[in-house]
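In: I need the structure of the sequence given here:
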Amino acid sequence: MKLGEIAQRLDCRLEGDASTEITGVAGVESAEAGQLTFFSNPRYRRALGTTRASAVLIGAEVALAPRTGMPALTALRSQNPYLDFARAIELFHQPPRYAPGIHPTAVVAASTRIGPGAHIGPYCFVDDSVEIGRNAVLHSFVAIYRDARIGDDFFAHAHAVVREGCQLGHRIILQNGVIVGGDGLGFAKQADGRWYKMQQAGPAVIEDDVEIQANSCVDRATVGETRIRRGAKLDDLVLVGHASEVGEDTLLCGQVGLAGSTTVGNRCILTGQVGVSGHLKIGDGAVITPQSGVPNDVPAGAFWSGSPTVEHKQWMKNVAALNRLPELLKTVRELEVEVGRLKRSRRR
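Out: Below is the predicted model:
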């Protein structure tokens, strides 16, 4: 594909030869001649000077330094290089398409209603009274329990599960091994110390344009519902506990765990391995850094770190003080010795 056509389709300003042939896309460090890369993170400034790529998506005001002994790098000026790189990938790599039809090994209940264009792959199971919209893809070994309601353009990769009565909107993607609507951790302690299982009566509700990545679980509610709102993205190995709510366009990164009845606001980012105690509220736009433990409500717009979490600047001061503990301990011991010497001298 000619670079000029790419620039036009991405609506970017081209600085260089529009006839340059581009054969694919790659990261700035691994790109070869004929490939398009991008630059948005200052950490990769040095790699930008040595990349073998033929062209780079780059910010409108970022200067390209001269490259000693290397061909000049053609620039595609972009307001959002990372986003436009994501769009550029789609120009060269299209996901596989699946022909409509039901594989002979699939089991589909007679009472199920499936929209046109659906692909039901090998060994899938669709239970009684399920409704699935148009153009769905159930790849293989997918299980949809009875009374589930699923919208258009649903894609479930192998071994995904949607449990009974759950409601999914349009354009939902479930990666491999996702479980929507599994039982939450609901048990009442009996007088003899044993646990009595509480029926998990409330469904999980997934709104439009949500993607849930591999081996993540959205538990159903004991009563009420668990809800993932429009546009939220859940990374691998995320657990959303029963009766929790995740806001619009919120990002839960790998191994995040929300205990039951947690409410996370809109456009939040919980980075890797964040753990949140139950019955808490995290306000809109909050960002919580990796491996943080959240024991209390978090205000909107907060940037918190640590376990237990505190405001990020305070956490940095705490860590700096912690790093000085050996030195401080040595000083305290020296002072204790000196105080003891002074006390002994006074007694004499």
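In: Tell me who's in contact with residue 27.
Out: residue 37 (CB atoms under 8 Å, 6 or more residues apart in numbering). Glycine gets a C-beta too; all of them are placed from N, C-alpha and C.
In: And the pLDDT for it?
Out: Note on residue 27: pLDDT of 94.
In: would it count as being in a strand?
Out: No - counting by DSSP: H, G, I helix; E, B strand; the rest coil, residue 27 is not part of a strand but coil.
In: What lies in contact with whichever strand or helix holds residue 36?
Out: Under the criterion of DSSP states H and E, residue 36 resides in strand 35-39. Around strand 35-39, the neighbours that count as contacts under CB under 8 Å, 6+ apart are 3, 6, 22-28, 31, 45, 48, 51, 53-59, 62, 76, 81-82, 84-85, 88.
In: and those residues, which of them are in helices?
Out: Counted as lying in helices by DSSP state H, out of those, are 3, 6, 45, 48, 81-82, 84-85, 88.
In: most neighbours, which of the residues you listed?
Out: residue 88 (26 neighbours; other CB atoms under 10 Å).
In: Bridge partners for the nearest residue to that residue once chain neighbours are set aside, pull those for me.
Out: Spatial nearest neighbour of residue 88, chain neighbours left out: residue 25 (5.4 Å); criterion: CB to CB, 6 or more residues apart in numbering. Residue 25 forms beta bridges with residue 36, as assigned by DSSP bridges.
In: My understanding was that residue 25 contacts residue 85; is that so?
Out: Yes - between residue 25 and residue 85 a contact is recorded at 6.8 Å, counting by CB atoms under 8 Å.
In: Near the nearest residue to residue 170 once chain neighbours are set aside, how many other residues are there?
Out: Using CB to CB, 6+ apart and skipping residues adjacent in sequence, the residue nearest residue 170 is residue 151, 3.8 Å away. Using other CB under 10 Å, residue 151 has 20 neighbouring residues.
In: what does the one 3 residues further on give?
Out: Taking other CB under 10 Å as the neighbour definition, residue 154 ends up with a count of 27.
In: Could you report the pLDDT at it?
Out: For residue 154, pLDDT reads 98.
In: so what are the domain limits for the protein?
Out: 3-92, 101-311, 315-347 (automatic domain parsing).
In: Can you point out the buried residues in the shortest one?
Out: Of the residues in domain 315-347, those scored as buried under the neighbour-count criterion (16 or more other CB atoms under 10 Å) are residue 315.
In: Now do it: distance to the chain's middle.
Out: 45 Å (CA atoms, centre = their mean, to the nearest Å).
In: The first one too?
Out: Computed by CA atoms, centre = their mean, the chain-centroid distance of domain 3-92 equals 26 Å.
In: Quick check: the residue nearest to residue 88 vs residue 124, distance?
Out: Counting by CB to CB, to the nearest Å, the gap from residue 25 to residue 124 is 33 Å.
In: what pLDDT does residue 209 get?
Out: 98.
In: what's the burial count for it?
Out: Neighbours of residue 209 using other CB under 10 Å come to 18.
In: which residues touch it?
Out: Contacts of residue 209 (CB under 8 Å, 6+ apart): 169-172, 230-231.
In: Sort out which of the residues you listed are in strands and list them.
Out: Judged by DSSP state E, strands contain none of the contacts of residue 209.
In: May I see the buried residues of stretch 216-227?
Out: Result for stretch 216-227 [16+ other CB under 10 Å]: buried residues 216-222, 225-227.
In: swap in stretch 179-188?
Out: In stretch 179-188, counting by 16+ other CB under 10 Å, buried: 179-182, 184, 186.
In: Save the residues you listed as TSV, and put in distance to residue 334, pLDDT and secondary structure too.
Out: Shown next, in TSV, are those (distance: CB to CB, whole Å; pLDDT from 0 to 100; DSSP: H, G, I helix; E, B strand; the rest coil):
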residue	distance to residue 334	pLDDT	secondary structure
179	58	98	strand
180	61	98	strand
181	62	98	strand
182	58	98	strand
184	55	95	coil
186	56	93	coil
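In: Okay then, goodbye and thanks.
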